[in-house]
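Student: Output the structure for:
(2 chains)
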Amino acid sequence: MTFKTILLATAAVLSAAVLPHAANADTSGKKIALSNNYAGNSWRQAMLTSWDKVTKPAVAAKKVAAADAFTTAENQATEQAAQIQNMILQGYDAIVLNAASPTALNGAVKAACDAGIIVVSFDGIVNEPCAWRIAVNFKEMGRSQVEYLSKRLPQGGNLLEIRGLAGVFVDDEISAGIHEGVKQFPQFKIVGSVHGDWAQDVAQRAVAGVLPSLPDVAAVVTQGGDGYGAAQAFEAAKRKTPIIVMGNREDELQWWKKQKDANAYETMSVSIAPGVSTLAFWVAQQILDGKQVKKDLTVPFLRIDQANLEDNLKSTQKGGVANVEYSQADAEKVIADAK
Amino acid sequence: MTIFNTALSKPWIWSWLAALATFVLTVLFTGGASTFSLGQATLTFAAFSVIVGLGQMLVITLGPGNVDLSVPATITLSGTLALKFMNTDASLILPGLLVAIGIGLGVGIANYGLIKLLRIPPIIATLSMSFLVQSLAIWSNRGLRIKPPDELSAFTTGMTLGIPNIAVVGLTLSVAIWWLLDRSIYGRWISAIGQSPFAARMAGIPVDGTRFLTYVICAVLAALCGYLLACFSGGAALNMGAEYLLMSIAVVVIGGSAVAGGNSNVPGIWGASLFMFLVVSMLNTYGFGAGIRLMLTGLIIIAVIIAASRRVSAR
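Tutor: Sure, this is the predicted structure:
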C-alpha cells in the first residue's frame, strides 16, 4: 500500500464522516415509516391526510428518502407489534408511531431501538424508555376548560361532563383534569357525567337519556367530538343552551358560528390538531439529523376563541377537524422549548 | 289469573317488565318530573335499535351459526353515501333513500353470495364483508361529515302528536316484519329452517331462497337505520355503526328470541330496545362510575336473559 492510497482512503473516510453534517443533505438517504393503529374516524383520517401533505413535498425536496404510512386493520397491539417487526426488517431508519397501547408494544419498540432505529411516538405514546414521546397534556386540556368557564361564569353553576371511551387512558386524564379544575374553582359542581365515546351520535344519545333528570345546567365540559351531539340533545329537550366547550370539529364550529350570529353565543374550543403527525415526522427527521432531542416533548393545543372562530372555520375542511400542519421550524421550536 | 299466566308465558314479557322497572326507577329519581321527556328520548333512540334488531332477529331465526356481523359497516356506508349523494339538497331525499336501500340490497346479496357460493360460514363471510364495506365508507368520504337536507333532519328529529317520527317509522317496520314472521309463509319457512334445516329441505321449503331473502332484508334494514341515524345526528361518522353490532344481537336475545334459532318474536325487540336505552340512562342518572355502570349493565342483562329463557323452556 503506497502512501498515496492511504492518503486517498483517509480523505474518503474523512469526507464520509464530515459530509453528513452539511445542511439538508444529511437525512436525504433516510427512510421514515408511520405506524398507525387506527383510521376509523375523522380525526385519524385528517391525521393521515396531513402526513401525506407534509411528507410528500419533503421527500420530493430530498429532505428524506421515504415517508411511508402504514395502518393496521384491527386496532390490535399484537398486530401493530408485528407491523413494527416488519418495518425493522424493511430497513427503515426511523419509525413514527401512534400506538394502540402504551405498554403492549414495548417489546417491538425495544427491538427497533436495538436495531438502531429511532422511534418517535405521538398521541398514543409508548412508555419504553428508548423511544421519544410527543405527548399531549390531557390533564391541562381538561383543567383549562374549567378555568375558562370560571371567567365566563364567576358565580359558578352546574356542569355536565361528557367523557370519552371508558377505560382509555386519554379519557381518565382529561376527566382528572376537569375534576382538578372543579377543585380549583369550587363554585362549579358536576351534576352529571356520561360517556359519549368521542362521537356525536353516542354523546347525543347519552345526554338525551340523562338530561330529563338534571337540574339547570350552566355549562358542558367535553373531550372533543361530542359538543355538537350535546347541543342537539339540549335543543331536542327544549332546554336553554348552556356554554358547551367544543372540540374543534367543523360541525361544532359551524353550530357555534350560527349561535354566535343569532344570539351572540360565546364559548371556546380546544383540541389537538391531527397534524401532530407531521410534528412527529419533523422531530424524527431532526433526531436523524443528529440533533440532541429530549425524550419527552409536549404538543401545543389548538385553541379556538370567539375572535378567531371565523378564520379557523374558513381554513377547516367541510366536515373535518380544525387542523394545522407543522413545519421543520415548528419542530425545532418544540425541541428548543423542551430543553 | 289465566290472563296473567298467559302473559307470563310469553318470552318477550320479561324485557317489557325490565324496561318498565328501569323507567319507573329513573323517573323516581326526579320525583316524576321527567316522565314525558324521558319517554320521548327513549322512544327515539330505541327505534334505531329496533330497526337493526328486526333484521338481525330474522337472520338469527335461521338457526345456529347465522348472524350478520356486517350490520355496523352497512350502517356507516349507507349513511355516508346517502348523505354525500343528497349533499343537503332537499329534492334528492327520495333518491337518497333509494341509494341507501340499494346499498342494503348490494351488501345483502354479496353476503349471501359469499356464504353460498364460496361456502364460507356466515360469521366469517359477514365479518370479511364488513371490512370491505367499512373500507369503502372510509375511502368514499374520508370521514368528512356532510349535513343532511334540512327537511329530512327536521323530520328525523321531529314529533307527530308528541311521538317521535323515528319511533313511528320503527313501529311501521315492526308491524311489517311481524306480519312477515307471524302471518306469512316466509315466517313459517325461516322458523322451520331454524329448527331443522334438513327437515325443512325434505319438506320442500326453498331453503336457499329463504336464507338469501333473510340476509337481504337484514342488510336493507341496517342501511335504512344508517340513513335515518345519519340524518338524525346531523351527519354520518365513520364509527357511527359500531354501537349497533352488539346492540342488534343483544335486543334479539333479551327480547326472548331463541339464540339457537327457530323461534322469534317482534314485541321482544321493542321491549329489549327500550330497556337497553333506559338501563344506561338509569345508571347515568344515579351517577355511577363507568366501571360499576358497565358491570351493572352486564348483570342486569344476564338476569333478564335468564328470566326470559326459563319461561321458554318451561312451556
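
Student: Now the terminal residues of stretch B:144-155, how far apart.
Tutor: End-to-end distance of stretch B:144-155: 23 Å, with Cα to Cα, to the nearest Å as the criterion.

Student: Return the residues in contact with residue A:185.
Tutor: In this structure, residue A:185 makes contact with A:146, A:147, A:149, A:150, A:156, judged by Cβ atoms under 8 Å, 6 or more residues apart in numbering or on different chains. For glycine as for every other residue, the C-beta is placed from the backbone atoms N, C-alpha and C.

Student: can you tell me which two in these are farthest apart?
Tutor: A:147 and A:156 (12.8 Å; Cβ to Cβ).

Student: where's the residue in the stretch 151-300 of chain B positioned nearest to chain A relative to residue B:287, distance?
Tutor: With Cβ to the nearest Cβ as the measure, the residue in the stretch 151-300 of chain B that lies nearest chain A is residue B:281; the distance is 3.3 Å. When distances are taken as Cβ to Cβ, to the nearest Å, residue B:281 and residue B:287 turn out to be 12 Å apart.

Student: Those two: who's more crowded?
Tutor: Under the criterion of other Cβ atoms under 10 Å in any protein chain shown, the comparison of residue B:281 against residue B:287 puts residue B:281 first, with 27 against 15.

Student: Could you check what's spatially nearest to that one, not counting adjacent residues?
Tutor: Using Cβ to Cβ, 6 or more residues apart in numbering or on different chains and skipping residues adjacent in sequence, the residue nearest residue B:281 is residue A:209, 3.3 Å away.

Student: which residues touch the one you found?
Tutor: Neighbouring residues of residue A:209 by Cβ under 8 Å, 6+ apart: A:194, B:38, B:41, B:42, B:45, B:277, B:278, B:280, B:281, B:284, B:285.

Student: Now for residue B:43, how many residues are close by?
Tutor: Other residues near residue B:43 number 23, with proximity taken as other Cβ under 10 Å.

Student: And it, how far from chain A?
Tutor: Using Cβ to the nearest Cβ, to the nearest Å, we find residue B:43 at a distance of 11 Å from chain A.

Student: I figured that residue hits residue B:164, correct?
Tutor: Yes - under the criterion of Cβ atoms under 8 Å, residue B:43 is in contact with residue B:164, at a separation of 5.2 Å.

Student: now residue B:54: how far from chain A?
Tutor: When Cβ to the nearest Cβ is applied, the distance between residue B:54 and chain A equals 19 Å.

Student: Please determine how far that residue is located from residue A:120.
Tutor: Residue B:54 sits 49 Å away from residue A:120, taking Cβ to Cβ as the criterion.

Student: picking that back up, where helices are concerned, which of the contacts of residue A:185 count?
Tutor: Among these, the members falling in helices are A:146, A:147, A:149, A:150 (criterion: DSSP state H).

Student: residues touching the first one, list them.
Tutor: Pointing back at residue A:146 there. For residue A:146, the residues meeting the contact criterion (Cβ under 8 Å, 6+ apart) are A:159, A:178, A:181, A:182, A:184, A:185, A:188, A:221.

Student: helix or strand for residue B:59, which one?
Tutor: Secondary-structure element containing residue B:59, defined by DSSP states H and E: helix B:35-61.

Student: So which bits of that helix are buried?
Tutor: Going by neighbour count (16 or more other Cβ atoms under 10 Å in any protein chain shown), the buried part of helix B:35-61 is B:37-61.

Student: interface residues of the stretch 201-339 of chain A facing chain B?
Tutor: Taking Cβ under 8 Å from any Cβ of the partner chain as the criterion, the stretch 201-339 of chain A approaches chain B at residues A:201-202, A:204-206, A:208-213, A:228-229, A:232, A:236-237, A:249-251, A:317-320.

Student: Mind giving me the ChimeraX command for buried ones among those?
Tutor: A single ChimeraX command suffices to select whichever of those are buried according to 16+ other Cβ under 10 Å:
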select /A:201,202,204,205,206,208,209,210,211,212,213,228,229,232,236,237,249,250,251,319,320
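
Student: So which of the residues of the stretch 201-339 of chain A next to chain B belong to helices?
Tutor: Here DSSP H is the test, and those give A:201-202, A:204-206, A:208-210, A:228-229, A:232, A:236, A:250-251 as lying in helices.

Student: does the residue in the stretch 51-200 of chain A positioned nearest to chain B count as helix, strand or coil?
Tutor: Here the residue of the stretch 51-200 of chain A nearest chain B is residue A:166; by Cβ to the nearest Cβ that distance is 3.8 Å. For residue A:166, the assignment made with DSSP: H, G, I helix; E, B strand; the rest coil gives coil.

Student: That one: neighbour count?
Tutor: Under the criterion other Cβ under 10 Å, the count of neighbours that residue A:166 has is 14.

Student: what sits against it?
Tutor: For residue A:166, the contact set (Cβ under 8 Å, 6+ apart) comprises A:195, B:290, B:291, B:293, B:294.

Student: mind checking the SS state of the last one?
Tutor: Of the three states, residue B:294 takes helix according to three-state DSSP.

Student: How about it: what's its closest non-neighbour residue?
Tutor: Counting by Cβ to Cβ, 6+ apart, residue A:166 is the residue found nearest to residue B:294 once chain neighbours are left out, at 6.6 Å.

Student: and the gap between that neighbour and residue B:287?
Tutor: Distance of residue A:166 to residue B:287, given as Cβ to Cβ: 15 Å.

Student: same thing with residue B:59?
Tutor: For residue B:59, the distance to residue B:287 (Cβ to Cβ) stands at 38 Å.

Student: how about TSV for the contacts of residue A:209, with pLDDT and distance to residue B:234 added?
Tutor: Converted to TSV, these look like this (pLDDT from 0 to 100; distance: Cβ to Cβ, whole Å):
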residue	pLDDT	distance to residue B:234
A:194	90	19
B:38	85	22
B:41	87	17
B:42	89	20
B:45	90	15
B:277	89	20
B:278	89	24
B:280	84	21
B:281	85	21
B:284	82	22
B:285	81	25
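
Student: which among those gets closest to residue A:336?
Tutor: Ranking the contacts of residue A:209 by separation from residue A:336, with Cβ to Cβ as the measure, puts residue A:194 on top at 41.3 Å.

Student: Spell out the secondary structure type for the closest one.
Tutor: Classification of residue A:194 using three-state DSSP returns strand.

Student: same question, residue A:225
Tutor: In the three-state summary, residue A:225 is assigned as coil, counting by three-state DSSP.

Student: Give me the nearest residue to it, chain neighbours excluded.
Tutor: Looking at residue A:225 with Cβ to Cβ, 6+ apart, the closest residue is residue A:198, at 4.0 Å.

Student: residues in contact with residue 133?
Tutor: The chain I'm using is chain A. A:121, A:122, A:125, A:126, A:127, A:295, A:296, A:297.

Student: wrong one, chain B
Tutor: Contacts were defined as Cβ under 8 Å, 6+ apart; by that measure residue B:133 touches B:70, B:73, B:74, B:76, B:77, B:107.

Student: mind listing which of the residues you listed are in strands?
Tutor: Mapping these onto strands (DSSP state E) picks out no residues; all lie outside.
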